[in-house]
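this one's structure only:
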């Protein structure tokens, strides 16, 4: 009887542990995910804001970069940390096709909100921030950078 209670408690704890690991990163216009699903992959995060003209100009470049690099996880993150109901119309208005993190990158990788936007961060497959850029980027420049980073890794 005692052994049965211990088994039930162990199974219950295992269930709780497994359920806590699922989809702990909220994503708008994409699938929620978890750090364990992202580990082992290159990740690019672009901070943007609707009041930032260079950010808006950069969005089509970022969309194309993501389309050309399906082996990467490319995300946007709104500088003003908007909730989904406020983010949705802006994503539509500016034709952002890249999924947007709702969970702050600080909570995932320790990336603090940059002092200015646009800002782009590259995270290697070990989950380490390896490059931070604080100016608008083109698709071609992003492609050059990721090729160089992959070679150096």
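Arrived safely. Keep in mind the model is a prediction, meaning the values are calculated, not measured. Numbering: from 1, shown residues only.

Where does residue 36 sit: helix, strand or coil?
helix (DSSP: H, G, I helix; E, B strand; the rest coil).

gap between it and residue 127?
Distance, residue 36 to residue 127, by CB to CB, to the nearest Å: 10 Å. Any C-beta I mention is one placed from the backbone N, CA and C, and that applies to glycine too.

Could you check which of those two is surrounded by more residues?
Taking neighbours as other CB atoms under 10 Å, residue 36 and residue 127 compare with residue 127 leading, 15 against 10.

Next up, the contacts around the more buried one.
For residue 127, the contacting residues are 35, 38, 39, 109, by CB atoms under 8 Å, 6 or more residues apart in numbering.

and what of residue 90?
Contacts of residue 90 (CB under 8 Å, 6+ apart): 50, 78, 82, 96.

same thing but 6 Å
By CB atoms under 6 Å, 6 or more residues apart in numbering, the contact set of residue 90 is residue 50.

same thing with residue 106?
Residue 106 touches residue 112, counting by CB under 6 Å, 6+ apart.

and it, that one's in a helix?
Yes: assessed by three-state DSSP, residue 106 belongs to a helix.

What subset of the contacts of residue 127 is buried?
38, 109 (16 or more other CB atoms under 10 Å).

Show me the beta-bridge partners of residue 47.
Counting by DSSP bridges, residue 47 is bridged to residue 77, residue 119.

shouldn't residue 84 be in contact with residue 28?
Yes: counting by CB atoms under 6 Å, residue 84 touches residue 28, with 5.3 Å between them.
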